[in-house]
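> Here is my input; please provide its structure:
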Amino acid sequence: MSTSTRLPKVRASELVGRGWLNTGGQDVALADLRGKIVLLDFWTFCCINCLHVLDELRELEEQYRDVLVIVGVHSPKFVHEADPVALAAAVERYEVHHPVLDDPELVTWSAYTARAWPTLVVIDPEGYIVAQMAGEGHQSNVARLVADLVAEHDAKGTLHRGAGPYVPPEPTAGTLRFPAKAVALPDGSLLVADAGHHSLAHLAADGETLVRRIGSGERGLVDGGPDDARFSEPNGLALLPPDVAEAVGYDLLVADTVNHALRGVRLVDGHVTTVAGTGAQYLVGEPTVPAPLPGRTDLWRAAGTRPATTVPLSSPWDVVWSPQTGTALVAMAGNHQLWAFDPRTGVIEPVAGTMNEGLTDGDPREAWFAQTSGTALAADGRVWLADSEVSALRWIDPGTPAAAAPAAPAAPVLVGAGAAIAAARTTPTGPADAWAGATVGTAVGAGLFDFGHRDGSADQALLQHPLGVAVLPDGSVVVADTYNGAVRRWAPEDSGPGRVSTLATGLAEPSGLLVQVDPDAGGVTLVVVESAAHRLTRVALPATLAGEVLDSGAHRTQRPVTDIAPGELALDVVFTPAAGQKYDDRYGDSTMLRVSATPPELLLDGAGDDVPLSRTLRINPAVAEGVLHVTARAASCDADPAIEFPACHLNSQDWGVPVRVADGAPAVLTLPLHG
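Prediction:
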């Protein structure tokens, strides 16, 4: 384990950026916050981990509003996120109730040596940095630290109570508020996941007239009738086949993203039931059972042995029914996986993704995804995927039909650190077995840091953080290219990777697509969920479906580059358990460090998984620059032996550190997980 101590006590740097949001138009300086505990949250609105942290901080923010000032420092990854209008919309969309500094040039990001989204920095009432931590899962650590700082500075007389600089923006009104996805009902009307209103909006066929609303509009996880049920930023919707709906008693699945749950909706009366998820977020590496089974030390076991409502999920973003497998495929954006849910048995299991964030195809057990946010079924059973953080259009083919799939072995297999997907089951088959022969592929996309708006050959084309996807009658695929404000089309070729073109531009963050075919006229219309414009927009497709060929250039995520020395490099991930806590080794090793590089040749030695949070890497002097990918996790729990059921917590983070190899540069790289 790392032997690193806490960071040295230093003065906090000034907050510098382009401007401020949620302050009534006033700038904020650190001097204005003297006497308050300040928590800087370095975030970017594309990042699912950043959104998790926003939710983690809500309760703390409300509890300590008179002494704690949270400042969101928005440091963008994508070009679109540097648009101040887009940032203002995101602050409203995600109900950010604290000041936000717009930092498009990463000035404040660099001053605080942030290296990852999200990063938290705690500043005491006298203006000194007392903690820095990266990733999510720090809610309890921050709460304990804030309580200690309140007691300390109350006693010293350096704590000033009272209102902070937050000024709420004017509320907006309308039928829809940041809608996410839509489905067509059999009578031609539309059901919309109205994320900003935490409900479902049933609209007439015109896409504007409100027929009814399912959900009270209050954020929460409550089952019941349409006026009592509560959602929290629902996104994906999927209608079940009539025979399945009749068997299970509900017609529609909802990916209730911030509740980390799947909800079932009975359309005849709008009754809502939670069918998967506990309401708590699953964190990578976190045990999902109260205690290990006899003889088992798994960090994670799939849900074949228990109901889906006892399994924690992580930000399900979209869901689609797969008739070939008889399951619903769930895009589990929060941990970069695909899961399968069988409504008839009430079982949910992972089917693809190692939980590493990136772009790797082939065997689903070894595939890497990156915040998959859109799904669509093709006629041949393939499910197309909008893989947002790698700006990619990807797919998964089910392979062998479920009826012919061989029974799965009963032997338990570790998921997470070993990146293998299997389950310990009491039955010979589960929903994951229906995907046993699946294959993962990519049609468009290059990786985590490459994006743009470029049409042409699919192997050269670029997207920018797409959230939605749909399949046209001719078999081509349309993409809601969200951060380009466009609808793009991929068309297959007899040979080659296919061609990409642009069908529509000038849209406000399109996040969902619905294909409507007029059988009489033979025309095709796209219903675009134009999220940032709070509306549905119809786009009539041209008869040729060719679209325009545009090239607005390629981009790479620009972050400060860290100079490192060639040869031996000491990598140290700082983790200090919070006061009153100790490392938690009840389920095995309490820490894990995974290291890789792009290009792989950058690392001559030191790649792979191991337990300690410190490692010596060997950097190739022949490679001038690249990215070090570092994943760390550490588990801790209450140290007091008198506590019968100690509270335990998992901290985890993925870093992608751009590096430049230079003689004379530091031979040490320190990353703060919690210090």
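> And the closest residue to residue 440 other than its chain neighbours, how far from residue 621?
Residue nearest to residue 440 in three dimensions, not counting chain neighbours: residue 367, with 4.3 Å by C-beta to C-beta, 6 or more residues apart in numbering. (C-beta placed from N, C-alpha, C; glycine too.) Using C-beta to C-beta, to the nearest Å, residue 367 is found at 33 Å from residue 621.
> Which one's more surrounded, those two?
Legend: neighbour count by other C-beta atoms under 10 Å for residue 367 and residue 621, higher for residue 367 (28 against 13).
> Pretty sure the more buried one sits against residue 361.
Yes: assessed by C-beta atoms under 8 Å, residue 367 is found in contact with residue 361 at 6.3 Å.
> any common contacting residues for the two?
By C-beta atoms under 8 Å, 6 or more residues apart in numbering, residue 367 and residue 361 have these common neighbours: residue 440.
> okay, and for the stretch 251-400 of the chain, where does confidence drop off?
284-305, 400 (pLDDT under 70).
> hang on, residue 59 in a helix?
Yes: counting by DSSP: H, G, I helix; E, B strand; the rest coil, residue 59 is located in a helix.
> Residue 55 should be in a strand, yeah?
No: counting by three-state DSSP, residue 55 is not part of a strand but helix.
> Any figure for the gap between it and residue 562?
Counting by C-beta to C-beta - residue 55 and residue 562 are separated by 30 Å.
> can you check residue 170 too?
Distance from residue 170 to residue 562, by C-beta to C-beta: 42 Å.
> When those two are compared, which one has more neighbours?
residue 562 (15 against 6).
> Skipping its backbone neighbours, what lies nearest that one in space?
residue 659 (5.1 Å).
> Determine the next helix or strand in the C-terminal direction from the helix or strand that contains that neighbour.
For residue 659, the element it lies in under DSSP states H and E is strand 648-661. Counting by DSSP H and E, the next helix or strand C-terminal to strand 648-661 is strand 668-674.
> lowest confidence element among the helices and strands of the chain?
When each helix and strand of the chain is scored by mean pLDDT, DSSP states H and E, strand 551-556 comes last, with a mean of 62.
> Tell me the helices and strands packed up against the next helix or strand after that one.
Using DSSP H and E, the helix or strand that follows strand 551-556 in sequence is strand 562-564. Contacts defined by 3 or more C-beta pairs under 8 Å, 6 or more residues apart in numbering; DSSP states H and E place strand 562-564 against strand 648-661.
> pull the CA atoms of the strand it packs on into CSV?
The C-alpha trace of strand 648-661 is given here as CSV (Å, rounded to 0.1, in the frame of the first residue of the first chain):
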residue,chain,number,x,y,z
CYS,A,648,-17.3,1.1,4.5
HIS,A,649,-16.5,3.1,1.3
LEU,A,650,-14.8,2.5,-2.0
ASN,A,651,-12.9,5.3,-3.7
SER,A,652,-12.0,4.8,-7.4
GLN,A,653,-10.7,6.9,-10.3
ASP,A,654,-9.5,6.5,-13.9
TRP,A,655,-6.8,8.9,-15.0
GLY,A,656,-5.6,9.5,-18.6
VAL,A,657,-2.5,11.6,-18.1
PRO,A,658,-1.0,13.1,-21.3
VAL,A,659,2.8,12.9,-20.9
ARG,A,660,5.8,14.1,-22.8
VAL,A,661,9.1,12.2,-22.4
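> just how off-centre is it within its chain?
16 Å (C-alpha atoms, centre = their mean, to the nearest Å).
> by contact count, what packs against that strand?
strand 128-134, helix 139-156, strand 562-564, strand 625-638, strand 668-674.
> SS state for the closest residue to residue 131 other than its chain neighbours?
Computed as C-beta to C-beta, 6+ apart, the closest residue to residue 131 that is not its neighbour in sequence is residue 122, at 4.2 Å. For residue 122, the assignment made with three-state DSSP gives strand.
> so who does residue 122 touch?
Contacts for residue 122 were tallied using C-beta under 8 Å, 6+ apart; they are 37, 38, 39, 40, 129, 130, 131, 132, 142, 145, 146, 149.
> pretty sure the first one contacts residue 147?
Translated: residue 37. No: taking contacts as C-beta under 8 Å, residue 37 lies outside contact range of residue 147: 10.0 Å.
> out of the two, which sits in the more crowded spot?
Shown here are residue 37 and residue 147; by other C-beta under 10 Å, residue 37 has more neighbours (22 against 14).
> circling back: ok now do the residue nearest to residue 440, which residues does it touch?
352, 353, 354, 360, 361, 440.
> Same question for residue 484.
Contacts for residue 484 (C-beta under 8 Å, 6+ apart) come out as 80, 453, 463, 464, 505, 552.
> The helix or strand harbouring residue 537 packs against which elements?
Per DSSP H and E, residue 537 falls inside strand 535-540. The contact analysis (3+ C-beta pairs under 8 Å, 6+ apart) places strand 535-540 against strand 179-184, strand 524-530.
> among these, which is the most enclosed?
Highest mean neighbour count among the helices and strands packed on strand 535-540 (mean count of other C-beta atoms under 10 Å): strand 179-184, with a mean of 24.
> got the contact list for it?
Under C-beta under 8 Å, 6+ apart, the answer for strand 179-184 is 190-196, 201, 233-239, 252, 318, 468, 511-512, 514, 516, 527, 529, 531, 534-536.
> by how many degrees do that strand and strand 535-540 diverge?
50 degrees (axes from the mean of the first three to the mean of the last three C-alpha atoms, to 10 degrees).
> What mean pLDDT does strand 179-184 get?
The pLDDT scores in strand 179-184 average 97.
> repeat for stretch 514-529
Mean pLDDT, stretch 514-529: 85.
> which residues does residue 96 contact?
By C-beta under 8 Å, 6+ apart, residue 96 lies in contact with 22, 54, 72, 90.
> Export those residues as JSON lines, with columns for pLDDT, distance to residue 374 and neighbour count.
Shown next, in JSON lines, are these (pLDDT from 0 to 100; distance: C-beta to C-beta, whole Å; neighbours: other C-beta atoms under 10 Å):
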{"residue": "22", "pLDDT": "95", "distance to residue 374": "30", "neighbour count": "21"}
{"residue": "54", "pLDDT": "93", "distance to residue 374": "22", "neighbour count": "21"}
{"residue": "72", "pLDDT": "95", "distance to residue 374": "26", "neighbour count": "29"}
{"residue": "90", "pLDDT": "93", "distance to residue 374": "18", "neighbour count": "23"}
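> how about those in CSV, adding secondary structure?
Compiled in CSV, the contacts of residue 96 are given as follows (three-state DSSP):
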residue, secondary structure
22, coil
54, helix
72, strand
90, helix
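> and the two most separated of these?
Largest separation among the contacts of residue 96 by C-beta to C-beta: 22 and 54, giving 13.0 Å.
> quick one: low-confidence ranges for the stretch 501-650 of the chain?
Across the stretch 501-650 of the chain, the ranges flagged by pLDDT under 70 are 520-522, 543-559, 578-589, 638-650.
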